[in-house]
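**Student:** sequence below, structure please.
(one chain, ligands or ions: 2)
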Amino acid sequence: MPSKVHKSLDDAPRMKKRDAIETRTTSHSYTPYLPFGSLVYTAWVLMHRFSGINSKKFSTIQLYGCGDIRAPNLFGLRSQHTVHSYFGKTLSTEEVLHRHSLFGYYSLGLNENDKTEWRNRLTKERSLRGHFSKTLRIPKTEKLNANLKWCIDCANCDQLKIGFGTWRVLHQLPFISTCPIHQTQLCAVCADCQSPLDNGTKFMLPGENCSTCGSSQFTKLARIQNAAYISLIKQVEDVFQTQPKKFRPVAWNALMRTYALSFGSPRDARETLSRLICTRWEVESEDEISDLLSYPLGRGYIQSLLSGHAANTPLAAQLVVLDAMHSAFAT
Ligand SMILES: [Zn+2]
Ligand SMILES: [Zn+2]
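**Tutor:** Ligands and ions are numbered 1, 2, ... in the order given. Reported below is the predicted structural model:
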């Protein structure tokens with residue numbers, strides 16, 4: 001007796017091409033569970049492999065409902081389609097964005113309106129063109145299409161738990177070179193041929209051998225020997241998981257006002273905070289933290305954040321400032 005699937009496939013020639021794609025992508029029989037914090041690109045790789053289709057463009061159409069999404073889609077464009085095609089409606093579009101894309105990190109510093117507007121664009125649009133406004137606080141210098149980074153320990157844990165490694169959202173942040181969970185240096189390129197394990201076009205997964213030369217050895221990124229850096233990346237992991245509201249403009253400005261009022265003058269507040277940050281990071285000037293991270297936190301970010309101009313600085317600057325304030329309370 002023909003199964004339901006056979007019936008659908010038999011019917012496929014009489015269907016429009018697009019309808020046939022929908023029939024396959026809504027079966028979900030080959031789409032494994034994706035752990036919290038795994039990049040939606042992992043779903044792309046899995047869908048490509050499990051579908052048994054050689055065409056990468058066809059896999060892209062299956063997952064996103066269109067063939068022109070630029071890899072590795074770090075911000076979860078077209079989540080309105082992936083909730084159906086991969087997640088089988090077990091997650092909402094917002095949950096897909098929060099758990100499986102950099103939206104879960106970058107949206108933390110936005111007000112509700114900007115966050116909703118950005119989410120609505122990401123769920124439907126095919127390109128990030130026009131998304132990099134100051135409002136979204138994504139510095140243009142970020143290397144968003146760089147080689148994908150990964151942690152050997154995370155890959156091993158994934159393989160033990162679910163049978164395959166997954167790309168992690170937070171590892172792709174430009175200032176992250178160490179795994180926030182294992183404090184292991186991340187890898188990105190092959191130690192033998194210097195090819196990236198993946199740059200969003202190879203359909204590889206962490207823990208696999210180099211697809212260019214077959215090597216299993218990968219070069220680790222340079223270690224940042226700094227306790228404040230480890231604290232920063234742990235906070236990044238924490239805020240991504242817990243989604244606090246304290247970084248949004250209204251809450252942040254209220255926090256900064258309260259802090260500044262505990263000093264005799266705004267200048268005292270700024271100088272004290274600057275001293276706290278420099279002590280914590282073991283640097284002479286807070287601008288050196290940008291050099292240490294190879295990431296532009298913005299000149300005068302303490303002044304900006306204390307003055308209620310969070311929009312001028314990336315979210316990482318807020319994390320650095322808050323960490324230094326907490327360090328003062330802890331001592
Ligand atoms: Zn790890
Ligand atoms: Zn290689």
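
**Student:** residue 183 against residue 230, yeah?
**Tutor:** Yes. With contact defined as Cβ atoms under 8 Å, residue 183 reaches residue 230; the gap is 6.3 Å. C-beta coordinates here come from the backbone N, C-alpha and C atoms, glycine included.

**Student:** and the protein, what are its domains?
**Tutor:** What the record gives for the chain is the domain set 18-220, 227-330, from automatic domain parsing.

**Student:** quick one: which of the ones you listed is nearest ligand 2?
**Tutor:** domain 18-220 (3.1 Å; Cβ to the ion).

**Student:** the closest one close to ligand 1?
**Tutor:** Yes. Counting by Cβ under 5 Å from the ion, ligand 1 has neighbours in domain 18-220: 151, 153, 154, 179, 181, 182.

**Student:** for the fifth one, what are its contacts?
**Tutor:** This points to residue 181. Residues near residue 181 by Cβ atoms under 8 Å, 6 or more residues apart in numbering: 151, 153, 154, 237.

**Student:** out of those, which end up buried?
**Tutor:** 151, 154, 237 (16 or more other Cβ atoms under 10 Å).

**Student:** what's the most distant pair in the contacts of residue 181?
**Tutor:** Distances among these were taken as Cβ to Cβ; the most separated pair is 153 and 237, at 13.8 Å.

**Student:** returning to that earlier point: output the contacts of residue 181 in TSV, with secondary structure appended to each entry.
**Tutor:** Shown next, in TSV, are those (DSSP: H, G, I helix; E, B strand; the rest coil):
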residue	secondary structure
151	coil
153	helix
154	helix
237	helix
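
**Student:** closest one to residue 136 out of those, please.
**Tutor:** For the contacts of residue 181, the nearest to residue 136 is residue 237 (21.5 Å; Cβ to Cβ).

**Student:** wait, the closest one touches residue 180, no?
**Tutor:** Yes. Using Cβ under 8 Å, residue 237 is in contact with residue 180, at 3.7 Å.

**Student:** quick check: neighbours shared by these two?
**Tutor:** residue 170.

**Student:** re the thing from before, and of the residues of domain 18-220 next to ligand 1, the nearest to residue 243?
**Tutor:** residue 181 (17.7 Å).

**Student:** which SS state does the closest one fall under?
**Tutor:** Classification of residue 181 using three-state DSSP returns coil.

**Student:** list the residues that contact the residue nearest to residue 60 when sequence neighbours are not counted.
**Tutor:** Nearest residue to residue 60 in three dimensions, chain neighbours excluded: residue 67, at 5.1 Å (Cβ to Cβ, 6 or more residues apart in numbering). Counting by Cβ under 8 Å, 6+ apart, residue 67 makes contact with 57, 58, 60, 61.

**Student:** and the gap between residue 67 and ligand 1?
**Tutor:** Counting by Cβ to the ion, to the nearest Å, the gap from residue 67 to ligand 1 is 33 Å.

**Student:** dump the contacts of residue 181 into a markdown table; add pLDDT and distance to ligand 2 as well.
**Tutor:** Below are the contacts of residue 181 laid out as a markdown table (pLDDT from 0 to 100; distance: Cβ to the ion, whole Å):
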| residue | pLDDT | distance to ligand 2 |
| --- | --- | --- |
| 151 | 98 | 19 |
| 153 | 98 | 21 |
| 154 | 97 | 21 |
| 237 | 98 | 30 |
